[in-house]
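A.B. asks: Predicted coordinates and the sequence they were generated for:
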Amino acid sequence: MVNPLPLNQFISEQSGSSESLSSILNDIVSACKQISYLVNKGDLNQLLGDADSENIQGEVQKKLDIITHDIFVKALINNPAVAGLASEENDDIIPTQNQHDPKGKYLILFDPLDGSSNIDINMSVGSIFSILCCHNTNTLSETDFLQPGNQQIAAGFVLYGPSTMMILTTGRGVNAFTLSPDSGEFILTHPKITIAESTREFAINMSNQRFWEAPVQQYINECIQGSDGPREKDFNMRWIASLVAEVYRILTRGGVFLYPRDHHKSLSGRLRLMYEANPIAFLIHQAGGDSSTGREPILNIQPRELHQRVPLILGAQQEVQRLIKYHRSA
Ligand code: MG
Ligand code: MG
């Protein structure tokens with residue numbers, strides 16, 4: 001039986017959040033409901049396709065990248081508990097009216113539309129967010145945001161798939177909520193999600209194989225050898241090319257995801273530490289999984305810059321530990 005607990009009631013009663021953090025989470029929920037509506041309408045609003053701009057990463061922005069960024073900013077900028085915002089789609093931080101008195105207030109980082117290259121082919125996309133506390137007493141600056149992932153107060157993502165779902169942690173486990181088209185509310189449908197320690201399913205972009213480093217080559221080769229190889233079991237491969245969709249699959253039925261360091265273009269990895277890797281790793285750990293760059297735990301990385309990229313390996317604990325071991329011995 002589905003527990004009919006609405007998300008706003010969960011946030012106020014069970015998340016352990018203060019009143020101010022609850023108000024922020026509710027603002028994020030309202031932004032994501034608006035985005036869900038727009039994503040759902042598809043090209044009826046003629047909002048699909050490219051905008052005439054690039055983001056700081058040099059990627060062509062989709063029209064919806066810009067619109068969803070604006071929705072997030074509008075929803076949060078006047079919240080008295082928010083000191084500043086940072087978005088994957090914006091070069092610099094966005095201070096609020098609290099910027100001269102930021103201590104004890106919250107910093108919100110978000111990727112307003114993850115997997116946006118999937119939007120034109122009607123595949124799942126999402127919004128990812130990460131919440132930090134501001135410790136600075138002076139005027140807000142980018143440095144205030146550069147905290148390792150283990151400092152996050154809350155994190156989550158909304159998946160705009162066949163159903164719209166919010167997956168949330170406030171450091172007390174992971175819960176998932178489904179947006180009811182009837183009531184317009186998110187309802188708790190997947191309480192206390194945990195990830196199985198082992199798996200027979202991996203996700204990686206195989207077209208990059210020739211650029212991978214030795215430990216990843218070894219790991220994937222062993223998976224592909226299946227029951228004839230050292231793993232003595234057959235594996236399946238999945239690749240949706242949408243981080244939120246991959247992570248939701250791993251949260252619900254297990255698996256391991258790799259976007260490893262490789263020799264293609266740069267060695268730094270592809271996913272954003274602060275907008276993607278940190279919030280996702282926080283969720284994965286809260287669900288009993290593990291995450292790493294292969295060389296260090298994601299949540300321990302001291303960020304150097306807002307838009308930093310990292311290699312990302314996450315999912316079933318035993319598989320991530322195996323990958324860390326292969327990296328160590330390489
Ligand atoms: Mg993204
Ligand atoms: Mg994005």
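C.D. replies: That came in fine, so what should we check first? Ligands and ions are numbered 1, 2, ... in the order given.
A.B. asks: Need the phi and psi values for Phe186.
C.D. replies: According to degrees, to the nearest 10, the main-chain angles of Phe186 amount to phi -80, psi 130.
A.B. asks: Double-check it against Leu5; I have them as touching.
C.D. replies: No: under the criterion of Cβ atoms under 8 Å, Phe186 makes no contact with Leu5, lying 9.7 Å away. For the C-beta atoms, the positions are set from N, CA and C on the backbone; glycine is no exception.
A.B. asks: ok, those two, which is more surrounded?
C.D. replies: For Phe186 versus Leu5, the count of surrounding residues by other Cβ atoms under 10 Å is larger for Phe186: 26 against 17.
A.B. asks: Helices along the chain, start to end?
C.D. replies: Listed from the start of the chain, the chain has helices (DSSP state H) covering 7-13, 19-41, 63-76, 214-225, 243-253, 278-286, 317-329.
A.B. asks: Tell me how far the residue of the chain positioned farthest from its centre lies from ligand 1.
C.D. replies: Outermost residue of the chain with respect to the C-alpha centroid, by Cα atoms, centre = their mean, is Asp228; its distance is 35.3 Å. Here Asp228 is placed at a distance of 37 Å from ligand 1 (Cβ to the ion, to the nearest Å).
A.B. asks: Now do the buried residues in stretch 20-34.
C.D. replies: Buried residues in stretch 20-34, defined by neighbour count with 16 or more other Cβ atoms under 10 Å: Leu21, Ser22, Ser23, Ile24, Leu25, Asn26, Asp27, Ile28, Val29, Ala31, Cys32, Lys33.
A.B. asks: what's the average pLDDT for stretch 252-261?
C.D. replies: Looking at stretch 252-261 alone, the average pLDDT works out to 97.
A.B. asks: And for stretch 170-181?
C.D. replies: Within the predicted structure, the mean pLDDT of stretch 170-181 is 97.
A.B. asks: could you list every residue that touches the residue in the stretch 151-300 of the chain that ligand 1 sits nearest to?
C.D. replies: Taking Cβ to the ion, ligand 1 has its nearest neighbour within the stretch 151-300 of the chain at Glu276, 5.3 Å off. The neighbours of Glu276, taking Cβ atoms under 8 Å, 6 or more residues apart in numbering as the test, are Glu88, Asp111, Asp114, Ile128, Leu243, Leu312.
A.B. asks: sorry, back to before: so which of the helices of the chain is nearest Lys192?
C.D. replies: For those, the distance to Lys192 is smallest for helix 278-286, at 9.8 Å, taking Cβ to Cβ.
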